[in-house]
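*Asks:* Sequence and predicted structure are below.
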Amino acid sequence: MNIKKWYMANYPEDTCGAYIDPATTFEDLFAALDSYQDVYKYLGTGDSIIRERCFSKLAEIIGTDYDYIYEQWMKA
């Protein structure tokens with residue numbers, strides 16, 4: 001699932017969503033976390049609210065809780 005399309009559909013009032021890399025998917029985000037990479041690089045924006053919302057959606061997609069995703073990010 002494309003992150004930018006999902007984000008813009010769910011948070012149209014957040015103009016910072018326009019900065020999300022249009023090619024990035026939740027699979028890419030998961031791979032970045034799994035390999036301890038800089039997720040802001042994959043998202044194309046350093047906005048923490050966008051990161052939190054994307055982490056919440058990723059947790060939903062893979063069937064885990066937000067804390068698991070957050071802890072993986074903290075290891076990077």
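*Replies:* All right, it came through fine. Numbering: from 1, shown residues only.

*Asks:* Looking at stretch 66-76 now, give me its mean pLDDT.
*Replies:* Stretch 66-76 carries an average pLDDT of 94.

*Asks:* Please apply the same query to stretch 31-49.
*Replies:* Stretch 31-49 comes out at a mean pLDDT of 93.

*Asks:* centroid residue for this protein?
*Replies:* In the chain, the centroid-proximal residue (C-alpha atoms, centre = their mean) is C54; its distance is 3.4 Å.

*Asks:* Surely it is in contact with N10?
*Replies:* No - using C-beta atoms under 8 Å, C54 is not in contact with N10, being 10.5 Å away. Bear in mind the C-beta positions are built from the backbone N, C-alpha and C, glycine included.

*Asks:* Check whether G46 sits in a helix, strand or coil.
*Replies:* Taken by DSSP: H, G, I helix; E, B strand; the rest coil, the conformation at G46 corresponds to coil.
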